[in-house]
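**Q** Sequence unavailable; structure follows:
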């Protein structure tokens, strides 16, 4: 361990893979306590001012948190970071991520096996503007249950993308529900 590198609680360096909507995607070895902005440059910004970034199996934060120092005492994921600019659809990102986790689940425990499949179904409905307010409530409750009851790290990490996006981008979920209501009204259902 190299003395003097890192923060008081997170010593040394860590390798990060940064991809997505950034000026310089790549693999970076960063001193713990650094920010992603320092390495990869800011994302290509268009449209909304609330882009996102996150780890598939870790925190998913709005752009306002991308300057937080990377350390164990703040926020630190696996090291694989995807950055999304404001043109990306949060619900579609969550849906794709949940499909990945559902396909990776070993199926041993019900919270992960069933939970990821239900999340795929709900996020697909939301992405097609066929969701309901109850879908948001189910995602909230299910993500908590999965985090607490899954047997391994995959099942415990899978709901993080749902939990974090519901915290930081809840309006995207609510907008999809409103679109669904409108379409049902127009279609007479």
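**A** Sure, I can see it. Not measured: the values here are computed from a predicted model.
**Q** Cross-check the contact I'm expecting between residue 126 and residue 176.
**A** Yes - in this structure, residue 126 is within contact of residue 176 by CB atoms under 8 Å, at 4.5 Å. C-beta coordinates here come from the backbone N, C-alpha and C atoms, glycine included.
**Q** Return every residue with contacts to both of those two.
**A** Overlap of the contact sets of residue 126 and residue 176 (by CB atoms under 8 Å, 6 or more residues apart in numbering) consists of residue 91.
**Q** Break the chain down into its structural domains.
**A** By the assignment in automatic domain parsing, the chain contains the domains 13-84, 90-187.
**Q** a markdown table please, covering the ones you listed and showing mean neighbour count and distance to residue 5.
**A** Putting these into a markdown table (neighbours: other CB atoms under 10 Å; distance: least, CB to CB, whole Å) gives the following:
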| stretch | mean neighbour count | distance to residue 5 |
| --- | --- | --- |
| domain 13-84 | 17 | 5 |
| domain 90-187 | 18 | 28 |
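**Q** Those: lowest mean pLDDT?
**A** Note on the domains of the chain: domain 13-84 shows the lowest mean pLDDT, a mean of 68.
**Q** With that, I have no additional questions.
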